[in-house]
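In: could you look at this predicted model? Sequence included:
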Amino acid sequence: MTKSADQEHASPPSSLPAYVFRGPAYVTIRTRTNDQPKYVDTRLNVWTWYDGGTAMNIDWSGLKLSSEFVEIAKAFMAHMLEKYSPLTAYRAARMLHRVSESDISLKFPWAADEIISAFNSWNSSREYVVVFRTLYRWVLDRGIAGFSNDIYLKIKDFKTERSSPYSRIFLSQSGLELDEEILLLKRIERQFLTDSWEDVQFNIVLHLGFELAPRSIQFHSLDIADFEFIESADHEKYYTLWLPMAKKVGQRKPERRPRKITSRLGVKISRHILEIQHRFGSGCEPLFVNPCGRRLSVIEIGSGLKHELREAGIDRPNQVSILLRHHLGQGLADQGTPADMIAELLGHNSTVAARAYVTATPNIARIKEKALGKSPAYQRITQA
């Protein structure tokens, strides 16, 4: 019985010793804030890191993988943790879990048809396939035994269904309706019957969501130091938030960009800062905190925002901060704001989403309809 060409490439006879991970004991990760762990201890069986106040981990002892591949996977994870965001590194950990659950879990090296079979068992999940190919390319570039360029070229050609994350924006307007916006504004401007600083805090979160539409991770990352105001000679006050943006590859900390906010919101935040510093001390860094004075996690922010929207009379399943982002993006598009400016205001690294808002806007459609209605050529076509 003869071996296939793939198998010959996958498991060549070699006298080289098995790869052993000898990376640093502590890997420096790309933290968003100063109050979360900045290192991952690679000497432990469970590697743990944090993002958005949420713990992420990979338990090496719980993975059903060949011992040699585990060593290679550790080196790859250390690379991902050091170079990319914590969330991107977690995607790599999820991919390794998928490998552990597949038919190739204890096989190593692999033939191309074995890898393709595993891809198919993942229902062509694009995320896992892309991360696996990244791992294969990374290992191949380092000359580690058991990996073949011929196999890489074959798995690189494996097709997965590509879906646009902005497809639903193209299909329909996904912001708030006019009556919902009125309900939201009433909730923002309501008078408080109690002195609960927590209720006031989430009113500020809702207000900020309406004006700037940050992501939950941006709310989480905001510090008191990111808020500033300037008082002019005639006692006019101007308020600014330095909003943390999405991190790019190579950045140790997220870039912060200045965003003007209304005086009404600025006054609320000023009072809120005084209150939490009174409660938790002048050394309190986060802008939004829980009752213990610790930074609110993305989960707590999402839950609080959802409660505020429901109390306002707006109940959209599985939509919280994304609903406010779509509303702001769609509103800007409806007013004729250029795509590049929408992208800048929403903190996108490209204009793809902004172009989706512009395409989806019903106002643009109505303008086109009116323009076509006045066109003699269009009238001739419709009357034919």
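Out: Structure's in. What do you need?
In: show me where the stretch 1-150 of the chain has its helices.
Out: 5-10, 67-83, 86-100, 112-121, 126-141, 149-156 (DSSP state H, counting those that start in this stretch).
In: redo these as CSV? Include mean neighbour count and mean pLDDT.
Out: In short, each C-beta sits where N, CA and C put it, glycine included. Formatted as CSV, the helices of the stretch 1-150 of the chain follow (neighbours: other C-beta atoms under 10 Å; pLDDT from 0 to 100):
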stretch, mean neighbour count, mean pLDDT
helix 5-10, 17, 44
helix 67-83, 20, 96
helix 86-100, 19, 95
helix 112-121, 18, 93
helix 126-141, 17, 94
helix 149-156, 15, 94
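In: those: which one's closest to residue 274?
Out: Nearest to residue 274, of all the helices of the stretch 1-150 of the chain, is helix 86-100, at 32.3 Å by C-beta to C-beta.
In: what's the neighbour count on the residue lying closest to residue 46 once chain neighbours are set aside?
Out: Counting by C-beta to C-beta, 6 or more residues apart in numbering, residue 46 lies nearest to residue 59, which is 4.7 Å off, once chain neighbours are set aside. Counted with other C-beta atoms under 10 Å, the neighbours of residue 59 add up to 13.
In: redo the helices of the stretch 1-150 of the chain as JSON lines? Include distance to residue 209.
Out: JSON lines is the format used below for these (distance: least, C-beta to C-beta, whole Å):
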{"stretch": "helix 5-10", "distance to residue 209": "51"}
{"stretch": "helix 67-83", "distance to residue 209": "31"}
{"stretch": "helix 86-100", "distance to residue 209": "21"}
{"stretch": "helix 112-121", "distance to residue 209": "39"}
{"stretch": "helix 126-141", "distance to residue 209": "28"}
{"stretch": "helix 149-156", "distance to residue 209": "41"}
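In: which one, of those, ends up nearest to residue 324?
Out: helix 86-100 (20.8 Å).
In: what angle sits between the closest one and helix 67-83?
Out: Counting by axes from the mean of the first three to the mean of the last three C-alpha atoms, to 10 degrees, helix 86-100 lies at 170 degrees to helix 67-83.
In: quick check: angle from helix 86-100 to helix 112-121?
Out: Using the same axes, to 10 degrees: helix 86-100 against helix 112-121 is 110 degrees.
In: now the end-to-end length of stretch 329-338.
Out: 11 Å (C-alpha to C-alpha, to the nearest Å).
In: cool, stretch 95-106 as well?
Out: 15 Å.
In: now it, how far from the chain's geometric center?
Out: 25 Å (C-alpha atoms, centre = their mean, to the nearest Å).
In: who touches it?
Out: 58, 63-66, 73, 77, 110, 114-115, 117-118, 121-122, 125, 127-128, 131-132, 135 (C-beta atoms under 8 Å, 6 or more residues apart in numbering).
In: in the helix or strand harbouring residue 268, what's buried?
Out: Using DSSP states H and E, residue 268 sits within helix 263-280. Neighbour counts over helix 263-280 (16 or more other C-beta atoms under 10 Å) mark 265, 266, 268, 269, 272, 276, 280 as buried.
In: helix or strand next in line after that helix, which one?
Out: helix 298-311.
In: now do the following helix or strand past that following helix against helix 298-311, angle only.
Out: Downstream of helix 298-311, the next assigned helix or strand under DSSP H and E is helix 321-334. Angle of helix 321-334 versus helix 298-311, following the same axes, to 10 degrees, is 70 degrees.
In: give the other helices and strands that helix 321-334 contacts.
Out: For helix 321-334, the elements it packs on are helix 167-171, helix 197-211, helix 298-311, helix 339-346, helix 352-360, helix 362-373, judged by 3 or more C-beta pairs under 8 Å, 6 or more residues apart in numbering; DSSP states H and E.
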